[in-house]
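> Got a sequence here, can you build the structure:
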Amino acid sequence: MQRPLISAEHVLQHFLGISRALAGQLDLQSMVNAVSDEIRFILPHDHIDVSLLLDGENHLHAYETGVQTAWSHFVDHPLPIVESPIRALLLGQVAFILSDDAMLDSRFHFPGAFAQPIFDAQLRSRLHVPLRARGEIIGALSCSTHSANFYTQADVDHTQHVADLLASYLYALRQADQAKHLEIAQAQTRAREEGLRLGALRLTEELESERQRIGMDLHDQTLADMTRLHRRIARLQLQAPVSADALQPVSTALQESMQELRRIIDAVKPTVLHLFGFAEGLEDLLLRSVRNSGLNIDTHLFDHSDGVAGQLSEAQQIALFRIVQEAVNNAIKHASPASITVQISRVAEHLQLTIVDDGQGLDGNNRMDTGGIKNMQTRAQLLGAQVQIDKGPGNRGTQVCVSLPLPVSQLMEHA
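The predicted model follows:
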């Protein structure tokens, strides 16, 4: 194809145009878009992409303009250099790559090469030059057209001049971008640490409050009952002989005191998990919670976790048990449901617990603002899990979903 000649003066004007287009660009994609038209006068193209190396020069990001291809995917998901069709250039093994027809060029056909975007877009003529900053290759500038045999050796020099003009600006933007991402990551880490600190503080306060409550329960109820029993037995000892009828009230009071003591102990630690296992413990929790409420609520529990839930550590099981307990109690207390369903399942690499009720839902009250909801979220955060609270299926009731990443050992066992 015969291309019109462009004078040196016009080339200089468009190089100055590239410099002007760079001014004020604050992100890499916008910069590539801004200079594309000015580059077109110097180097006609259907597609331009800029590849930038990152993380120890093992992966790259790609920014493109013109024909849109799968290269755009690598803005968010870096491509390993070993899969790049221009890896030889990025590794400094060649000074440039000039291809008359990439569809037939063996350099783009090697095992593992991610060259399909080239073939899908029919980008035949391709020209690639390195981007250098501070004496090192930081990426590559690539130009392509649909026509074969389009670029020449003379275009290599022009493209390299453009690349040299862009490189310093690209390097500065990349450094700023990496600094921004680092700052965001550090802010997120600080927020997580602060959340954990506040969560631990809140749980510590709640544990202290719970200890005080248990102490008062033991003092006001159990200890008082035991004291009365002791006095009654002391009086009976003065009688001889002691009849069975006289002992019956003592026996009944003793049984009631033991039941109260078991209730207090179960409130501290759900011993039902040790007796029956995780799924059965949750089923018992459902039945007891509804029975104690005096309401007529249907309960259902489904375990599709293939036994993974029962293999969690004791601390994990207790924390999850408490979260489900809070969700169930919250539904019974606030939502007046006709049914509550708990489902245990394994979803990918997570154990997922879903608690669904068909009650009033989130709109009928301020359930999201209750201390119980905050406790659930805090327990989950300390456990490394996530809690999501939404409307139930069909916008009825409430659905609480708890997702806990599974340890690698358990993933291996159940692979």
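> Verify the stated contact: Gly359 with Lys391.
No: with contacts counted by Cβ atoms under 8 Å, Gly359 stays clear of Lys391, the gap being 11.1 Å. Where C-beta positions appear, they are placed from N, C-alpha and C, glycine not excepted.
> Pull up the overlap in contacts between those two.
397-398 (Cβ atoms under 8 Å, 6 or more residues apart in numbering).
> what about those two, which has more around it?
Using other Cβ atoms under 10 Å, the more surrounded residue of Gly359 and Lys391 is Gly359, with 24 against 13.
> phi, psi of the nearest residue to that one once chain neighbours are set aside?
Leaving aside its sequence neighbours, Gly359 sits nearest to Ala335 (Cβ to Cβ, 6 or more residues apart in numbering; 2.6 Å). Taking degrees, to the nearest 10, you get phi -110, psi -10 for the backbone angles of Ala335.
> Could you count how many residues lie near Ala335?
Ala335 has 21 nearby residues by other Cβ under 10 Å.
> ok, Asn292 to Ala234 distance?
Using Cβ to Cβ, to the nearest Å, Asn292 is found at 35 Å from Ala234.
> no no, Arg124
Here Arg124 is placed at a distance of 105 Å from Ala234 (Cβ to Cβ).
> Met31 now?
Met31 sits 92 Å away from Ala234, going by Cβ to Cβ.
> try Glu256
19 Å.
> more crowded one of those two?
Glu256 (12 against 9).
> For that one, what are phi and psi?
phi -60, psi -40.
> same question, Arg174
The phi/psi pair for Arg174 (degrees, to the nearest 10) is phi -60, psi -40.
> That one contacts Leu52, doesn't it?
Yes: using Cβ under 8 Å, Arg174 is in contact with Leu52, at 5.6 Å.
> If you count surrounding residues, which of the two has more?
A direct count of neighbours by other Cβ under 10 Å for Arg174 and Leu52 places Leu52 higher, at 22 against 18.
> and the closest residue to the more buried one other than its chain neighbours, bridged to which residues?
In this structure, Leu52 finds its nearest non-sequential neighbour in Gly139, 4.0 Å apart by Cβ to Cβ, 6+ apart. Assessed by DSSP bridges, Gly139 has beta-bridge partners Leu52, Leu131.
> Count the neighbours of Leu236 for me.
When counting by other Cβ under 10 Å, one arrives at 14 neighbours for Leu236.
> Pretty sure it sits in a strand.
No: with DSSP: H, G, I helix; E, B strand; the rest coil as the criterion, Leu236 is located in helix rather than a strand.
> ok, now how distant is it from Thr299?
Leu236 is 45 Å from Thr299, by Cβ to Cβ.
> Just the endpoints, please. Distance across stretch 327-341?
Counting by Cα to Cα, to the nearest Å, you get 11 Å between the two ends of stretch 327-341.
> pLDDT of that stretch, averaged?
Averaging pLDDT along stretch 327-341 yields 91.
> same deal with stretch 302-315?
Averaged across stretch 302-315, pLDDT comes to 87.
> Would you pull up how far stretch 170-187 lies from the middle of the chain?
21 Å (Cα atoms, centre = their mean, to the nearest Å).
> neighbouring contacts of that stretch?
25-28, 31, 50, 52, 54, 131, 133-134, 138-139.
> 6 Å instead?
By Cβ atoms under 6 Å, 6 or more residues apart in numbering, the surrounding residues in contact with stretch 170-187 are 28, 52, 133, 138.
> Which pair of these spans the longest distance?
Across the contacts of stretch 170-187, the longest distance by Cβ to Cβ is 13.8 Å; it joins Leu28 and Ala133.
> The stretch 151-300 of the chain: helices as residue ranges?
153-217, 224-237, 244-268, 272-276, 278-293 (DSSP state H, counting those that start in this stretch).
> mind listing what's buried in the last one?
Within helix 278-293, the residues scored as buried using 16 or more other Cβ atoms under 10 Å are 278-279, 281-286, 289-290.
> Need those residues in CSV (columns: distance to Gly307).
Shown next, in CSV, are the buried residues of helix 278-293 (distance: Cβ to Cβ, whole Å):
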residue, distance to Gly307
Phe278, 9
Ala279, 9
Gly281, 14
Leu282, 14
Glu283, 15
Asp284, 18
Leu285, 19
Leu286, 20
Ser289, 24
Val290, 26
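> if we can go back for a sec, and the gap between the residue nearest to Gly359 and Thr299?
Applying Cβ to Cβ, the value for Ala335 to Thr299 is 14 Å.
> same thing with Val32?
For Val32, the distance to Thr299 equals 58 Å [Cβ to Cβ].
> Please list all residues in contact with the spatially most central residue of the chain.
Residue closest to the mean C-alpha point of the chain, counted by Cα atoms, centre = their mean, is Gln386 at 8.6 Å. By Cβ under 6 Å, 6+ apart, the contact set of Gln386 is Ser403.
> What pLDDT is listed against it?
pLDDT, Gln386: 91.
> Enumerate the beta-bridge partners assigned to it.
Ser403.
> Domain map for the protein?
As given by automatic domain parsing, the domain ranges for the chain are 8-186, 195-267, 282-413.
> Any idea which of those domains gets closest to His274?
His274 sits nearest to domain 282-413 of all these, at 8.5 Å, using Cβ to Cβ.
> in the stretch 1-150 of the chain, which spans are helices?
With DSSP H, counting those that start in this stretch as the criterion, the stretch 1-150 of the chain has helices at 8-22, 28-42, 87-90, 116-120.
> Report the buried residues of the last one.
Under the neighbour-count criterion of 16+ other Cβ under 10 Å, helix 116-120 has 117-118 buried.
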